[in-house]
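Undergrad: 3D, please:
(one chain, ligands or ions: 1)
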Amino acid sequence: MPHSPSPPSPARRWLSLLAIAALVAALAAAFVWAAGWWPTDRLTAQRFTDDIQAANGQVYPGFRRAHAKGICVSGWFEGSAEGEALSMARVFAQERTPLLGRMSIGGGSPYGLDPQARVRSMALQLIADDGQEWRMAMNSFPFFGAATVAEFDEQTRAGTPDPATGKPDPARVAAFRAAHPAAQRFAEWAGSAPWPTSFANTRYNGVNAFRFVNESGQMRHVRWSMVPRAEFAALTPAEREGADAGFLAADLDRRLAAGPLRWDMVVTVAEAGDPIDDPSQPWPDARQQVSVGTVVIEHAVPQADGACRDVNFDPLILPVGVEGSSDPILAARSAVYSVSFNRRLSEVAHGALAAPAAPAPKEDAP
Ligand code: HEM
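TA: Numbering: from 1, shown residues only. Model prediction:
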């Protein structure tokens, strides 16, 4: 008679069960780690967005976590031959590329006060006739106030309101500045630069470095700025004091009623040794400047009804001929904007911006 195998001993059975349990636990841990759910100090885009929300003091559902107050604009871009020589981006060769944009002020509140907004912004989306797209988001500061992603996050956290006062702790902010030259330089700019009277006579700077690549494959690092054609004028302290909370949009409407507004797109071309990966360091003034085109803005509409509301002006959505540089802040921006965008759109989907329900119709008197 064939010999039937003897059943495993209880000890062996336990060992097998333990081995299976260990395998399942290891697989689950690998999954949690790969999904980024493992508790860690790592600065993720989620955590950065949480930090921005905390610094805002509250979440404004449906609105951008930064530059929350803005208006949608539209117009076109005219490329120049000089631009075409530097980059094969279609927009430089095309006579007119339609553009959708957004003018905004810095800050996380959609009810921010224009006269107190040190930072003003222009964001653009250009879609060329071959479907290639270029998105950009620029600010009125001439250089960034942080040298690295971690430094900007730390700065954001240093500016978070103290629950006791509802305001950032001045000692914490001062200590941060004292330890970070970029933040100190930024504070000096913010304290001394004139306040332009309008969105229209403000210069907007891309600040981060990008690569322009032309038809012959030549690559140059550039930073771009939108330089206003509208005459510069600065608000006096008394004018700023008396200015309305929404004066920038009202002024833009007034100016647009008289005709389109223009900015020259000027790129500064880097030379060997210029810092490519640190937007807090300006390049020397002597660098070559090239006018590569003109931004023309023709119309403005409130963002609540405008096409710009649901656009993410991610600075790494770029056409052939323009590439991101090695600047880590660019990659961080792209990641954080995406989190902010997803949060605000899901809030909109839940009705955050829905118009208040219309009052119930009165019943006819009997
Ligand atoms: C690590 C650095 C930065 C972080 C974490 C950050 C974060 C953000 C976030 C969360 C938004 C809202 C995005 C959305 O919901 O669509 C935003 C918008 C914006 N950011 Fe940044 N930002 C950074 C650096 C910069 C720099 C260097 C500039 C410009 C020079 C800039 C210009 C803008 C502009 C103009 C907008 C508004 C775009 C629009 O109108 O939709 N940001 N930023």
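Undergrad: Need the per-residue pLDDT for residue 22.
TA: Residue 22 carries a pLDDT value of 89.
Undergrad: And residue 364, by the same measure?
TA: pLDDT at residue 364 comes out at 43.
Undergrad: Also residue 358?
TA: For residue 358, the predicted pLDDT is 52.
Undergrad: just residue 2 next, same as before
TA: For residue 2, pLDDT reads 54.
Undergrad: ok, now residue 36?
TA: pLDDT at residue 36 comes out at 62.
Undergrad: do residue 29 as well
TA: 80.
Undergrad: and it, how many residues sit next to it?
TA: By the criterion of other Cβ atoms under 10 Å, residue 29 has 11 neighbours. From N, CA and C alone the C-beta is placed, and that goes for glycine too.
Undergrad: element containing it?
TA: helix 10-34 (DSSP states H and E).
Undergrad: ok, now residue 107?
TA: Going by DSSP H and E, residue 107 is not in any helix or strand.
Undergrad: how near is it to residue 334?
TA: 21 Å (Cβ to Cβ, to the nearest Å).
Undergrad: residues from the protein in reach of the ligand?
TA: Neighbours of the ligand within the chain, by Cβ under 6 Å from any ligand atom: 48, 52, 64-67, 70, 102, 104, 121, 123, 137-139, 144, 149, 152, 206-208, 279, 312-313, 329, 332-333, 336-337, 340-341, 344.
Undergrad: Could you pull out the helices in the stretch 251-366 of the chain for me?
TA: Ranges of helices in the stretch 251-366 of the chain, per DSSP state H, counting those that start in this stretch, are 328-349.
Undergrad: Could you list the low-pLDDT ranges of the stretch 251-366 of the chain?
TA: Counting by pLDDT under 70, the stretch 251-366 of the chain shows low-confidence ranges at 355-366.
Undergrad: Could you check which residue of the stretch 151-300 of the chain lies nearest the ligand?
TA: Scanning the stretch 151-300 of the chain for the residue nearest the ligand gives residue 207, at 3.7 Å (criterion: Cβ to the nearest ligand atom).
Undergrad: Just give the closest residue to that residue, not the sequence neighbours.
TA: residue 279 (4.4 Å; Cβ to Cβ, 6 or more residues apart in numbering).
Undergrad: hang on, that neighbour packs against residue 208?
TA: Yes. Taking contacts as Cβ atoms under 8 Å, residue 279 lies within contact range of residue 208: 4.9 Å.
Undergrad: quick one, strands of the chain?
TA: 69-79, 97-105, 120-127, 133-139, 161-162, 167-168, 204-205, 210-213, 219-228, 261-269, 289-302, 322-324 (DSSP state E).
Undergrad: Next, show the common contact partners of residue 279 and residue 208.
TA: Common contact partners of residue 279 and residue 208 (Cβ atoms under 8 Å, 6 or more residues apart in numbering): 144, 327, 329.
Undergrad: Tell me how many other residues crowd the last one.
TA: What that stands for is residue 329. Count around residue 329 with other Cβ under 10 Å applied: 23.
Undergrad: now swap in residue 312 and tell me
TA: 18.
Undergrad: What residues does it make contact with?
TA: 135, 337-338, 340-341.
Undergrad: circling back to that earlier point, present the strands of the chain as CSV; the columns should include mean neighbour count.
TA: Below are those laid out as CSV (neighbours: other Cβ atoms under 10 Å):
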stretch, mean neighbour count
strand 69-79, 22
strand 97-105, 23
strand 120-127, 23
strand 133-139, 21
strand 161-162, 14
strand 167-168, 14
strand 204-205, 24
strand 210-213, 20
strand 219-228, 20
strand 261-269, 21
strand 289-302, 18
strand 322-324, 18
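Undergrad: roughly how far apart are residue 22 and the ligand?
TA: The span separating residue 22 from the ligand equals 40 Å under the rule Cβ to the nearest ligand atom, to the nearest Å.
Undergrad: Equivalent analysis for residue 61, please.
TA: Distance from residue 61 to the ligand, by Cβ to the nearest ligand atom: 12 Å.
Undergrad: Was I right to think that residue contacts residue 351?
TA: No. The criterion here is Cβ under 8 Å, and residue 61 misses it with residue 351 at 9.1 Å.
Undergrad: More neighbours: which of those two?
TA: Neighbour tally, residue 61 and residue 351, criterion other Cβ under 10 Å: the higher count belongs to residue 61, 14 against 10.
Undergrad: Not counting its neighbours along the chain, what's nearest residue 69?
TA: Nearest one to residue 69, counting by Cβ to Cβ, 6+ apart, is residue 112 at 4.5 Å.
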